[in-house]
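Q: next comes the sequence, and after it the predicted model I'd like to discuss.
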Amino acid sequence: MSKIKRLYIFILILYLGLAAGLFFYVRSQDSRSYQERNVFINRFTAQVSSRDDELTSELIEEIYSLKKSSYKSQFGSDILPDKISYVSLEDKIPNESDYGDQRLAYVYDEYGNISGLLLFEYAENDNKHYLTYLVVIAGSLLIIIAFIIYLQIRILKPFEDLSDYAVKISKNELSQKLPESKNRYFGRFIWGVNMLSDQIQGDKERIGKLMKERQTMLTTIAHGIKTPVSNITLYASSIETGLYQPDKKPNQVDAEIAAKIEKNAGDINRLVEEMINTSSTGMVDFEPKIQAFYINEVEDYIREEYSNRLEVQRIPLEIDCCQNAMINSDKSGILRILTQLMENAIKYGDGTGIKVAIDKQEEGYYFSVKNRGKSLPENEIPYIFGGFWRGSNAQGVKGSGIGLFEARTIASRLGGDIYVKQEDGEIEFILFIEK
């Protein structure tokens, strides 16, 4: 469960707890008020019942008016009724339910018989407190839920997508742009981020071309240096052995000088080889960060990144993950490799479908991407992972020829490898990661 969801649950629980506490407090106050009103009603009724004169509403009102200040100091103003009336037995005895804001009390004569009723009228009904309370609680709860939903949909969810998008850009895991939005908070920002993504992609392609030119230049220079250096080594060796002496015997001084020339020539050759290797390995910026994760996280990534995109392009996607095993590797590196393989399957496939398989075996983990499309000649397969190499099926397709070289380099740094199989018009790339 994400932190933001836990925060939502905490807020709701806190709110419900406060609401429940307020409810019980109001209820206890109403209960106390109800009991105190009953005490007043019983006391006033007893005082009236003890009188010998004939009871009327005017008399009851007069008695109440005379003693109201005393009652007020004793019970409080909220306990006293606004009006007290007398109802004789000759009058129609009202049902208590007819008086939502009043209470009835029987008046007894000296023989214990009912002689009439007293009607205590209050401005407010106790039940109205509960109704008002429930309306306020329900209304505020709906407002809070609506605000949380609005906050989640309009602000937090787009922000979470943007944060994930930025991380994917930094890790070269990007497969598609963020959908355009009219969100007033993030709409223009999303547009700007997509423009930044286009700029980064364009810069990446330009850097790829520059690296290709650099690699070509270095290779040309290296081969241009190695040929004369090899000749110099050969001549030095001949001098050292006395090949050019009339008697075919080496001259001691010439031999020493020739040995030094050979040593320097060897140093130059080693520098040339190091320069070539450095220029090749430096093309891939990746340092493994090994940590444990579940392989179904890879499946989730592929579905999230490619399901909608391939659905729009009407390319069927099939993913088969045999088991949810734990793997210790660099998740970002594996996703970067699979992103490259998926992009190639989309670019070079015939659109009839892409199959992704993820499996764990005794020797390690296998991730494969298979699609149908224009096949490569068998004599080109050995060069498919070479830097800046593009096959004959790449005519008219945009690319730099560094993607598979980068993928295999990353796989090698993860202790794995990538294999390619081609059969019956299908090409399958298999990433293997050792346990």
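A: Good, I have the coordinates. Note that the coordinates shown come from a computational prediction; the quantities given were computed from them, not determined experimentally.
Q: what comes up buried for stretch 262-278?
A: Within stretch 262-278, the residues scored as buried using 16 or more other C-beta atoms under 10 Å are 262, 265, 268, 269, 272, 276. (C-beta placed from N, C-alpha, C; glycine too.)
Q: let me know the pLDDT of the fifth one.
A: Among the per-residue scores, residue 272 shows a pLDDT of 74.
Q: hang on, it packs against residue 220?
A: No. Taking C-beta atoms under 8 Å as the definition, residue 272 is not a contact partner of residue 220, at 11.7 Å.
Q: Three-state assignment for the one residue sitting closest to the centre of the chain, please.
A: In the chain, the centroid-proximal residue (C-alpha atoms, centre = their mean) is residue 160; its distance is 5.3 Å. Classification of residue 160 using DSSP: H, G, I helix; E, B strand; the rest coil returns helix.
Q: for it, give its distance to residue 379.
A: Look at residue 160 and residue 379: by C-beta to C-beta, to the nearest Å, they are 49 Å apart.
Q: and the buried residues of stretch 262-278, which of them are in helices?
A: Among the buried residues of stretch 262-278, the subset assigned to helices under DSSP state H consists of 262, 265, 268, 269, 272, 276.
Q: could I get those as TSV with distance to residue 111?
A: Compiled in TSV, these are given as follows (distance: C-beta to C-beta, whole Å):
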residue	distance to residue 111
262	143
265	140
268	136
269	134
272	131
276	126
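Q: still on that earlier bit, nearest to residue 26 among the buried residues of stretch 262-278?
A: Closest approach to residue 26 among those (C-beta to C-beta): residue 276, at 83.6 Å.
Q: just checking, residue 419 touches residue 430?
A: Yes. At 4.6 Å, residue 419 and residue 430 qualify as touching, with contact defined as C-beta under 8 Å.
Q: and the chain, what are its domains?
A: The record's domain parsing of the chain by automatic domain parsing lists 3-127, 188-281, 291-434.
Q: figure out which of these is closest to residue 145.
A: Comparing the domains of the chain by C-beta to C-beta, domain 3-127 comes nearest, at 8.1 Å.
Q: quick check, nearest of the ones in helices among the buried residues of stretch 262-278 to residue 206?
A: Nearest to residue 206, judged by C-beta to C-beta, of these is residue 276 at 22.9 Å.
Q: what about stretch 230-250, distance to the chain center?
A: Its chain's C-alpha centre and that of stretch 230-250 lie 72 Å apart, by C-alpha atoms, centre = their mean, to the nearest Å.
Q: now do that stretch: distance from first to last residue.
A: One end of stretch 230-250 sits 21 Å from the other (C-alpha to C-alpha, to the nearest Å).
Q: do the same with stretch 373-383
A: End-to-end distance of stretch 373-383 (C-alpha to C-alpha): 19 Å.
Q: name the surrounding residues that touch that stretch.
A: 345, 348-350, 384, 389, 391-393, 420, 422, 425, 427 (C-beta atoms under 8 Å, 6 or more residues apart in numbering).
Q: how much space between residue 199 and residue 193?
A: Taken as C-beta to C-beta, the span from residue 199 to residue 193 is 10 Å.
Q: of these two, who's got more company?
A: Taking other C-beta atoms under 10 Å, residue 199 and residue 193 do not tie; residue 193 has more neighbours (17 against 10).
Q: so what does the helix or strand encompassing that one touch, helix or strand wise?
A: In this assignment (DSSP states H and E), residue 193 forms part of helix 187-240. For helix 187-240, the packing partners by 3 or more C-beta pairs under 8 Å, 6 or more residues apart in numbering; DSSP states H and E come out as helix 157-170, helix 252-281.
Q: pLDDT wise, what is the most far-flung residue of the chain relative to its centre at?
A: Here the chain reaches farthest from its C-alpha mean at residue 247, the gap being 83.9 Å by C-alpha atoms, centre = their mean. As predicted, residue 247 sits at a pLDDT of 75.
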